[in-house]
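**Q** need a structure here:
(chains A and B)
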Amino acid sequence: MPHLNRRNFLQLGSPLMGLGLADILRSRTQAAEAGQATNKKSLIVFWTHGGMSQQDTYDMKPEAPAEYRGFYDTIKTSVPGISVGERFPGQAKVMHHISQVRSVHHENGIHAPSAHWMQTGRFGPTLARNAAQHPSFGSVVSRAKGAGTRHMPAYVTVPKSEAFGYQGAVYLGKASNPFEVGADPNSKDFKVPNLALPKGLEVKSVENRRKLLSQFDTLRRDIDNSGVLEGLDSFKAQALEMVTGDQVREAFDLSKEDASLRDRYGRHQYGQSALLARRLVEAGTTCVTINTGYWDHHNEIEKGLEEHLPPLDQAIAGLIQDLEERGLLDDVLIYCAGEFGRTPLINGHAGRDHWSNCFTVMFAGGGLKGGTVVGASEKFGGGVTERMTIPFDLFATIYQTLGIPLDTHYEDASGRPTSIIGEGQPIHELL
Amino acid sequence: MLRLAILLTLIFATHSVASAELQPVSFRNDVMPILTRHACNSGGCHGKSTGQNGFRLSLLGFEPDFDYRALVLQGRGRRLFASAADDSLLLAKASGRVPHGGGTRIDPDSEDYRVLRDWIRCGAPDSRPGERRLERITVIPSEAVMNTSSESVLTVTAHYSDGRKQDVTARSLFESNAPEIGDVDGRARVSTAKRGGLFAVMVRFGGQIAVFQGTVPFPHVAEVSLNDAVAAAKVNPDGIDRNLIDQWTRLNVAPSPAADDASFVRRATIDICGTLPTPEEVTAYVEDSSTVKKQKLIDRLLERPEHASYFALKWADILQNRGRSYSSRRQREGTTLLTEWVRDSIAENKPYDRFVSEILTATGSQAQNPPTVWYRSVRTTQDYVESVSQAFLGVRIQCAQCHHHPAERWSQADYYSFAANFARVGRKGGFADAEVPTSEVIFLKDHGEVVHPRSGDVMSPRPLGGPDFKLSRYDDPRAALTEWMTSSKNPFFARTMANRMWGHFLGRGIVHPIDDSRSTNPPSNPALLDKLSREFVSSGYDVRQLIRVTTMSAAYGVSSEPTAHNKDDIQSFSRFQLRRLSAEVLLDGISQVLEVPTVFAGGPGKFPMGTRAIELPDENVPVNFLDVFGRPGRTSACECERADDPALAQALELVNSTEIQKKLTAKDGYIARLASNDEPHAVNVREIFLKVFAREPRDDESNAATEFLRSESDRVEAYRTLLWSLLATNEFMFNH
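**A** Sure, this is the predicted structure:
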């Protein structure tokens, strides 16, 4: 065929499952065993659920009148010419590793559809209670790359999934849903509920059950050629291993870290989540999304930001520094975004409202150019003046970095091939 | 049009080359197919709704007028230069001389390039009004039996309105739906792989589609007498089994032998009633020496209330009886009403045509007339078209909302005139629960119209693919629609239901997926599907009769274990297709074995103790187990939403959930009973196996189990461990 990419065409119902789950599991295992995923890079996301103010953090407007400028002073960073808000001193020191995209734009100002937009690249439901229509970028990463090692989950959310239910896999299949940690990693005696046994059940009993299961689980494997049976077998083994084995539990065990390093990340939920994320990607997880509280600061934004910004800054800066010291910074892409930014003009309640017209997201590591600012907003904020960037551009940048082919299409429930980047293009200034 | 002509004259007049020197090139008949063949207008490139780098074409070239404007008028006229045709952006980019995101598509030395260049040199004329039109394409052969590892070449003929024909093979596009069986290259060469099976090749030229169907008999693995196999499979050579035998003969596949009685009673009880058979039911069936025990079993199962509940669950999914909203309590009154109505309809074996008509033509209050509740989740133009066509006509017409269906005849006009059948559905009242109000009153409005989004035309109500309904202003278009649907001549309605039931019981539709009927997705056994549909119509849409015919077929009775003669076959129903127990059936099954019912939360009030998961009115009753095992969100009419794909969360739910642990440790459940009885372990083990697997344990299993039980000092813990292990096996979690 002349240059035909099969994925460009409507896939007809294939008598076999096409690229079925068995293939996915196989490629995941093979890739894991051969260490040959497209590349071994992974992704850590800080999701600012509710919408972080760009104008008090990355895109400062020191020259603007007070009602736009906000409460914070501007501080210098390690990159001449780039400054940030004074609550980001940690990131200021490592700004040469950080890039900002200050011209992100989409066309909705309501939480749920905006979260759908920033998680999936597409406009979605207009109500929080409505189901997601497209897979999150984390699920795409999970589906496309799988986990780097056999027993680790490919995609993890800490402490649990957020973004109004739009961090899941939808038509990519349940295997690409995130594994939810389910607890605050900073809590005393932090344990993962999903890996902890219910009351009264001992590890020894699970071992016994496992032994007996292997004895009685004798249904012929060759009666299934859909891959479902093989898939379930492999997940059963994984689940039993996660619950009773050492590898996964150790990855989740923050007590293995030096107290001083834990302090550096910060003894709070964001810091310990970031540290956990580093442990997980080291152990083979491909995408960790850290959901950071709720940033919907319509009232008294200063108070809200005082609560959120210092721990976020410490967590991000701590992570960058730690990865750099371990020589891993080029292998781990860090991304910080929420569903939108906040209004440039401070409202009558000393807060800022929803703003998707022009806001900032942050990238670091992953081999991307650091110390770069892409795009620009108007003098007092508000609109994009330079290089409009759409959500799919951000995903295209992420996928390109992680070695996921940009022409990848997945079929939605109706069988329609759906592009993972829509009309997006990677942000070449960062690559 | 006049302006266009003037502009073209200005652009090209001074430069056009005397046309006598060149072949006349037709935009529609010659240029457009080239753009399609080279994937310029594919969904990944310029054909997507946003175009690519500012250049947008209609998807797969279904809108030539649009494409003409895009090529000739847009892009500030830079796309085409008559005086220096090779410098036209169209050619410079397509041939890769100027950087092109899509790479080099058209070789400058190729015929296609020459055609485009000639057309540009001639002044890039649009097709003339009286020009011949492409009416259809045919492919020869249209079907063939091919050996494995063999080749064959297709010929594509275009038929034009002037009666002329032309060989357009070299300019057509080909795509196989099963390359692992038979693939096709760009030069129309079909080549089969090493295994047998059925495949189809879609041929596309100039907005027309044709299909080649290939049958590849499986290579001989060893001598087997089909007659012997057929006898061992207990095939009834009359009735629908005849069609199965024909297909097995064609494909050189032999069926697996008939399943044993214990397997069959488990299989049928699960598929008809969503329930496991009890040890007593298994034993009674196995020991029954009647020659008609199968019929008797099926009839008995169809009469059971569990059958009505289980199929009501299935239909509540398809009808999107959705509880998710801001107020579960208010929604639940409605979801309960509809689910109970469906349950009653199934219990009384309401003829299927009436069942569907009552839903589609429902009017009145959602607090009183249950089928109107369907209109709660189905409320937009898009919902009406897609739900009705997919659920009842087996057609996925979604694509035609925004563009011509890429692999079927459906146009946007078809989509919006079908929508017009629902344009006069009126709603009033109801508690406004944001997007999903409760308890509305559904009525027929005096006016209401659907407008074609591109042409702006007001569409008249019309069946799928048919001429407009003849309606007076007093007629409800929905009545005309259901009359058309339920007529015995309707090509979709009975067939879709027959195929849906076949898919339910055999794990795979004859058309697969079950609701994706199109010429490019042919049925695996057309004669079988025709016969099932005809019988369904002549029975007066008797669903139970359809289920009887389906479950009495040899395909439903054969073992799931493959033989050397069918191990790679999944299309001809030569063995029973393994499938998972659905979420609700699995949870109920565990409750039934352990004798500990699930406690379902959720209002109003709690569900009475002993409520089963298959009886829940909607998907919004919070049960983590059901969600992780694939309970659908009921957001579409597609049964595919109930996904059976495995996931880590499912395995974790089995391994360490409180739900399962609670059932295993209940004070008055089966395990407690086993631990406190005085029976020898072997006796208990036999009963356990009958309960869990609906069969006696084999000797080795019985020995292993009793040995394990004896070795454990704690009797309760011993039985708990054994039961868990058996419930976590594939044999329990699958229907086979």
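
**Q** confidence score at the nearest residue to residue A:174 once chain neighbours are set aside?
**A** Leaving aside its chain neighbours, residue A:174 sits nearest to residue B:647 (3.6 Å; criterion: Cβ to Cβ, 6 or more residues apart in numbering or on different chains). The C-beta positions use only the backbone N, C-alpha and C, and glycine is treated the same way. Each residue has a pLDDT score; the one for residue B:647 is 90.

**Q** what residues does the stretch 401-550 of chain B put near chain A?
**A** Contact residues of the stretch 401-550 of chain B with respect to chain A, defined by Cβ under 8 Å from any Cβ of the partner chain, are listed as B:406-407, B:434-435, B:512-513, B:516, B:520-521, B:524.

**Q** Next, count neighbours for residue 415.
**A** The chain I'm using is chain A. 20 (other Cβ atoms under 10 Å in any protein chain shown).

**Q** that's the other chain; I wanted chain B
**A** In terms of burial, residue B:415 registers 28 neighbours under the definition other Cβ under 10 Å.

**Q** The residue nearest to residue A:174 against residue A:238, yeah?
**A** No. Between residue B:647 and residue A:238 there is no contact, the gap being 10.3 Å when judged by Cβ atoms under 8 Å.

**Q** Need the phi and psi values for residue A:60.
**A** Residue A:60 has phi and psi values of phi -70, psi 150 when expressed as degrees, to the nearest 10.

**Q** and it, what is it in contact with?
**A** Listed by Cβ atoms under 8 Å, 6 or more residues apart in numbering or on different chains, the contact partners of residue A:60 are A:72, A:74, A:83-85.

**Q** Quick check: PyMOL command selecting the buried ones in these.
**A** Selection command for PyMOL covering only the buried members of the contacts of residue A:60, criterion 16 or more other Cβ atoms under 10 Å in any protein chain shown:
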select buried, chain A and resi 72+83+84+85
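
**Q** And the contacts of residue A:60, which is closest to chain B?
**A** Nearest to chain B, judged by Cβ to the nearest Cβ, of these is residue A:84 at 34.1 Å.

**Q** Report all helices and strands that the host helix or strand of that closest one contacts.
**A** According to DSSP states H and E, residue A:84 maps onto strand A:83-85. Taking 3 or more Cβ pairs under 8 Å, 6 or more residues apart in numbering or on different chains; DSSP states H and E as contact, the helices and strands that strand A:83-85 lies on are strand A:74-76, helix A:89-93.

**Q** Could you dump the ones you listed into JSON lines with mean pLDDT and distance to residue B:635 added?
**A** As requested, the helices and strands packed on strand A:83-85 are arranged in JSON lines below (pLDDT from 0 to 100; distance: least, Cβ to Cβ, whole Å):
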{"stretch": "strand A:74-76", "mean pLDDT": "97", "distance to residue B:635": "47"}
{"stretch": "helix A:89-93", "mean pLDDT": "98", "distance to residue B:635": "40"}
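
**Q** Flag every buried residue along stretch B:354-369.
**A** Neighbour-count burial for stretch B:354-369, counted by 16+ other Cβ under 10 Å, picks out B:355-363, B:365-367, B:369.

**Q** farthest pair in the residues you listed?
**A** B:356 and B:367 (22.5 Å; Cβ to Cβ).

**Q** Partner strands of the strand holding residue A:84 and their direction?
**A** Paired strands of strand A:83-85, with direction, are strand A:74-76 (antiparallel) (DSSP bridges).

**Q** Show me the contact partners of the strand it pairs with.
**A** The set of residues that contact strand A:74-76 without belonging to it, under Cβ under 8 Å, 6+ apart, is A:60, A:62, A:83-86, A:88-89, A:92.

**Q** residue boundaries of the helices in the stretch 251-400 of chain A?
**A** Along the stretch 251-400 of chain A, the segments classed as helices by DSSP state H, counting those that start in this stretch run A:259-265, A:269-283, A:301-325, A:391-402.

**Q** Make TSV from these and add mean neighbour count and distance to chain B to it.
**A** Listed next are the helices of the stretch 251-400 of chain A as TSV, based on neighbours: other Cβ atoms under 10 Å in any protein chain shown; distance: least, Cβ to the nearest Cβ, whole Å:
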stretch	mean neighbour count	distance to chain B
helix A:259-265	15	27
helix A:269-283	24	14
helix A:301-325	21	26
helix A:391-402	24	10
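
**Q** Could you save these as TSV and add columns showing mean pLDDT and distance to residue B:246?
**A** What follows is the helices of the stretch 251-400 of chain A, written out as TSV (pLDDT from 0 to 100; distance: least, Cβ to Cβ, whole Å):
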stretch	mean pLDDT	distance to residue B:246
helix A:259-265	97	69
helix A:269-283	97	56
helix A:301-325	97	65
helix A:391-402	97	49
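
**Q** re earlier: let me have the buried residues of stretch B:354-369 in a markdown table, extended by distance to residue B:26.
**A** Listed next are these as a markdown table, based on distance: Cβ to Cβ, whole Å:
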| residue | distance to residue B:26 |
| --- | --- |
| B:355 | 51 |
| B:356 | 46 |
| B:357 | 48 |
| B:358 | 52 |
| B:359 | 48 |
| B:360 | 45 |
| B:361 | 48 |
| B:362 | 51 |
| B:363 | 52 |
| B:365 | 59 |
| B:366 | 56 |
| B:367 | 61 |
| B:369 | 57 |
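
**Q** Mind picking the one among those residues that's closest to chain A?
**A** Nearest member of those to chain A, counting by Cβ to the nearest Cβ, is residue B:366, at 19.1 Å.

**Q** where does chain A dip in pLDDT?
**A** Screening chain A residue by residue with the criterion pLDDT under 70, one finds the ranges A:1-38, A:126-129.

**Q** Report the residue ranges of every domain in it.
**A** Domain assignment for chain A, taken from automatic domain parsing, gives A:40-193+A:258-430, A:196-251.

**Q** From the residues of the stretch 401-550 of chain B next to chain A, pick the one nearest residue B:151.
**A** Comparing those against residue B:151 with Cβ to Cβ picks out residue B:520 as the nearest, at 22.0 Å.

**Q** And that closest one, what's its pLDDT?
**A** 88.

**Q** List the backbone torsions phi and psi for it.
**A** Geometry field for residue B:520 lists phi and psi as phi -80, psi 0, criterion degrees, to the nearest 10.

**Q** ok, it - contacts?
**A** Residues in contact with residue B:520 (Cβ under 8 Å, 6+ apart) are A:12, B:177, B:200, B:202, B:209, B:211, B:407-408.

**Q** repeat that for 10 Å
**A** By Cβ atoms under 10 Å, 6 or more residues apart in numbering or on different chains, the contact set of residue B:520 is A:10, A:12-13, B:175, B:177, B:200-204, B:209-211, B:405-408.
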